[in-house]
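Novice: one predicted model, sequence on top.
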Amino acid sequence: MIRKLMKTGIFALVLAGFLGFTRPGNACTRVMYKGLDGLILTGRSMDWKNDIETNLWIFPRGINRDGATGANTIKWKSKYGSVVAAAYDICSTDGMNEKGFVANLLWLVESEYPKWDKSKPGLSIAGWVQYMLDNFATVKEAVAEMRKEQFMIVTDKTPGEDRLATLHLSISDATGDNAVLEYLNGKLVIHEDPAYNVMTNSPTFDKQLALNEYWKEIGGTTMLPGTNRAADRFVRASFYIDAIPKTADQRVGVASVFSVVRNCSVPYGISTENQPNISTTRWRCVSDQKNLVYFFETALTPNTFWVNFKDVDFREKAPVKKLKLTKGETYAGNAVASFVNTPAFKFLSPSDPNI
C-alpha cells in the first residue's frame, strides 16, 4: 500500500501535510451530521491543556450588550435567546440559539487580526460567538453582515498564558448551511458552503480541505491517519461523519455524532511538551438544530445531559441562568431545572485596545 502511494505521489503530499500543517495551538474538532427528515446535528470537542472552568448559561432575548472595548465599542440588543458554554465565565465559546443557529469557537494559531485604529467600533474576541447567537437565524444572514465589516475583532492574551487568543469561528444553521470565518494577515476570509461539515485547528481552512482531498483518494476503509494532530482529526472526522448511517431518529443520530467526536478526542491527561496542539479533551457537545436540544458531557463526569429548549424561558426580561460544572457537579437527562438565576457574565475586555 505504501509503495503504491509513493508511486502516485500522494504519500509525499500527505507526509508534507503531517510535517507542515501542524502548528502550536490547542486542539478542538467540530463536525456536522445531516440525517433524514431534516435532522441536523453539530458536534464539537473542546480540548485545552488547562481547565477552562466551563459553565453553561441560558440567555433570554432582549439583553443589551456591548463589545467590551471601551468607549468605541459595538452595541446590540439580543434578538434571540441562546444556550452557551462559557470559558472562565468571560467568553462564550460554543452555543445554539432558539432558531437552531450554532456558533463554535476554535483555536487557529495562524490568525492575525487587523490592527484596531478605532476607526470602527471594536468587539472583544470573547464576545464573537455571543454576537452571532444574539443576532442571526441563518448562516447567510450572518455572512452578509460580517462582509460589511462594520466592526473589528479585538483580541487579548489568553487567561493564564503569555500569548494572544488566536481563534477562528464556524457557524451553521438548521438548514445545514455552514461557514468558517478566519482572520488571516489582517483580512477577513469567509468560506461558506453547506458541504463544509468539518473544521479543526491548524492549518487554515483552505489547507484543511486540500489535505482531506489527498486522503479521499486513499479511501478511509484502506487507511486513516490516527494521531491527535488537527490535520489527522479533520480527515477522520470527515470520513466517519459520512460513514455513519443516515437516520431521522434523534437518539441514534446524537449517539452517532458523539461517537465521531469521541473518536477525534484526546485522552484525559495527555499533553506533549513540544506539541502544545495536543491537549486534553475537556468536554464535548452536540447541538440538535432541528429539535433544539443542546447535549453536553464533560471528561470528568459520567453522564451526558441536555438542555431542551422547549423547557427554557427565552422571553425578554426572563432571568439569565447558569448551570455550574466546575466542581464536579453531575447531571442526568434534561438539566433545565438545575440552572440557577445568575447575573450575566461580562466579556473579557482587552487590556490593550491598540493591539
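Specialist: Happy to help now that I have it. This is a predicted model, so every value here is computed, not measured. Residues are numbered from 1 along each chain as shown.
Novice: CA atoms of the helix or strand containing Tyr294 as PDB?
Specialist: Element membership for Tyr294, per DSSP states H and E: strand 293-298. Extracted C-alpha coordinates of strand 293-298, given in PDB (Å, rounded to 0.1, in the frame of the first residue of the first chain):
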ATOM      1  CA  VAL A 293     -31.700  20.400  22.200                       C
ATOM      2  CA  TYR A 294     -28.200  21.100  23.400                       C
ATOM      3  CA  PHE A 295     -26.400  17.900  24.600                       C
ATOM      4  CA  PHE A 296     -23.300  18.100  26.700                       C
ATOM      5  CA  GLU A 297     -20.800  15.900  28.500                       C
ATOM      6  CA  THR A 298     -17.500  16.600  30.400                       C
END
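Novice: C-terminal to it, what's the next element?
Specialist: Past strand 293-298, the next helix or strand by DSSP H and E is strand 305-308.
Novice: strand partners of that following strand, parallel vs antiparallel please.
Specialist: Within its sheet, strand 305-308 is paired with strand 293-298 (antiparallel), strand 333-334 (parallel), according to DSSP bridges.
Novice: comparing those strands, which comes out most buried?
Specialist: Neighbour counts (mean count of other CB atoms under 10 Å) averaged over each of these peak at strand 293-298, with a mean of 22. To be clear about C-beta, it is placed using only N, CA and C from the backbone, and glycine gets the same treatment.
Novice: got the contact list for that one?
Specialist: 54, 56, 83, 85, 95-96, 250, 254, 258, 282-288, 303-309, 325 (CB atoms under 8 Å, 6 or more residues apart in numbering).
Novice: average model confidence for the strand holding Tyr294?
Specialist: Averaging pLDDT along strand 293-298 gives 96.
Novice: distance between that strand and the chain's centre?
Specialist: Distance, stretch centre to chain centre, for strand 293-298: 14 Å (CA atoms, centre = their mean, to the nearest Å).
Novice: repeat for stretch 295-313
Specialist: That offset, for stretch 295-313, works out to 17 Å (CA atoms, centre = their mean).
Novice: and it, which residues are buried?
Specialist: Within stretch 295-313, the residues scored as buried using 16 or more other CB atoms under 10 Å are 295-299, 301, 304-309, 312.
Novice: again, but for stretch 183-201
Specialist: Tyr183, Leu184, His191, Glu192, Tyr196, Asn197, Val198, Met199, Thr200, Asn201.
Novice: can you pull out the helices in the stretch 101-250 of the chain?
Specialist: Per DSSP state H, counting those that start in this stretch, the stretch 101-250 of the chain carries helices over the ranges 128-135, 139-148, 205-218, 230-243, 250-263.
Novice: which regions of the protein lie under the pLDDT threshold?
Specialist: By pLDDT under 70, the low-scoring segments of the chain are 1-27, 108, 158, 160-163, 201-231, 271-278, 352-355.
Novice: residues near the nearest residue to Phe339 once chain neighbours are set aside, how many?
Specialist: Ranked by CB to CB, 6 or more residues apart in numbering and with sequence neighbours excluded, the top spatial neighbour of Phe339 is Lys321, at 3.7 Å. Neighbourhood size, Lys321 [other CB atoms under 10 Å]: 21.
Novice: just the buried subset of the contacts of strand 293-298, written out for PyMOL, thanks.
Specialist: Here is the PyMOL command that picks out the buried ones among the contacts of strand 293-298, judged by 16+ other CB under 10 Å:
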select buried, resi 54+56+83+85+95+96+250+254+258+282+283+284+285+286+287+288+304+305+306+307+308+309+325
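Novice: any idea of the angle the strand holding Tyr294 forms with helix 250-263?
Specialist: With axes from the mean of the first three to the mean of the last three CA atoms, to 10 degrees as the basis, strand 293-298 and helix 250-263 are set at 40 degrees to each other.
Novice: follow-up on the earlier one: I'd like the buried residues of stretch 295-313 as TSV, with distance to Ala142 appended.
Specialist: Formatted as TSV, those follow (distance: CB to CB, whole Å):
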residue	distance to Ala142
Phe295	23
Phe296	23
Glu297	27
Thr298	28
Ala299	31
Thr301	32
Thr304	29
Phe305	28
Trp306	25
Val307	22
Asn308	25
Phe309	20
Val312	22
